[in-house]
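In: following is a predicted model, sequence given first.
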Amino acid sequence: MSNSQPTLIGWKESIDLPEWGIRDITAKTDTGARRSAIDVENIVELPGNRVQFEVAADRRTGQLKTTVIADIEHQTHVRSSNGQQHERYFVATTVRVGDVTKRIELSLSNRKHMQCRMLLGRLALENDFLVDCSESFLTRPNRKPKIGKR
């Protein structure tokens, strides 16, 4: 569900992935990246074109992990910011940023050396968001990573 006016968000935002029972995970908004990505571990391809993986909402402690099983939307080669190409799985889920809820595709990747657990690229941002690169956490200033029951 999209707003008629774009929602103002910062360069970093706290977002929810309600279908996966994840809330308040930090995402970097990146207008230079076309696609979105999430940091996951233990990726296992399952029968029936599905994939299982773990998301840890709190990277510092390794706590708050949840296991997700999702349909594979597609697999493709992606060039990372350091220029290396990797084969990646893409899955779809619902993301909630402030009052905006929409379906997006996410690349399953290893972002453990990145500051943010998630990256929201142009395809996720288009039509719904306006990014103020001088601000952060405009939609939810009081945030703490949590994984709740689905």
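Out: Alright, I've got the coordinates.
In: contacts, neighbours, all on C-alpha from now
Out: Fine.
In: and the gap between residue 106 and residue 4?
Out: 24 Å (C-alpha to C-alpha, to the nearest Å).
In: the two: which is more packed in?
Out: Taking other C-alpha atoms under 10 Å, residue 106 and residue 4 do not tie; residue 106 has more neighbours (23 against 8).
In: need phi/psi at residue 124.
Out: Main-chain torsions, residue 124, degrees, to the nearest 10: phi -80, psi -30.
In: for it, which non-adjacent residue is spatially closest?
Out: Nearest residue to residue 124, sequence neighbours excluded (C-alpha to C-alpha, 6 or more residues apart in numbering): residue 104, at 5.8 Å.
In: remind me which residues of this structure are low pLDDT?
Out: Scanning the chain for pLDDT under 70 picks out 1-3, 57-64, 80-81, 141-150.
In: what ranges do the helices span in it?
Out: In the chain, the helices defined using DSSP state H lie at 122-125.
In: as a check, name the ranges of all strands in it.
Out: 7-10, 12-17, 22-29, 36-39, 41-46, 50-58, 63-71, 74-79, 85-97, 100-109, 118-120, 129-132, 146-147 (DSSP state E).
In: buried stuff in the longest one?
Out: Okay, so that is strand 85-97. 88-91, 95-97 (16 or more other C-alpha atoms under 10 Å).
In: can you add distance to residue 28 and give the residues you listed back as TSV?
Out: Putting the buried residues of strand 85-97 into TSV (distance: C-alpha to C-alpha, whole Å) gives the following:
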residue	distance to residue 28
88	19
89	20
90	18
91	19
95	13
96	14
97	12
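In: now do the phi/psi pair for the residue of the chain most remote from its centre.
Out: Most distant residue from the mean C-alpha position of the chain: residue 47, 24.2 Å away (C-alpha atoms, centre = their mean). Taking degrees, to the nearest 10, you get phi -60, psi 160 for the backbone angles of residue 47.
In: before we move on, what about residue 128?
Out: Dihedral angles for residue 128 - degrees, to the nearest 10 - are phi -120, psi -20.
In: so it makes contact with residue 6?
Out: Yes - the criterion here is C-alpha atoms under 8 Å, and residue 128 meets it with residue 6 at 4.6 Å.
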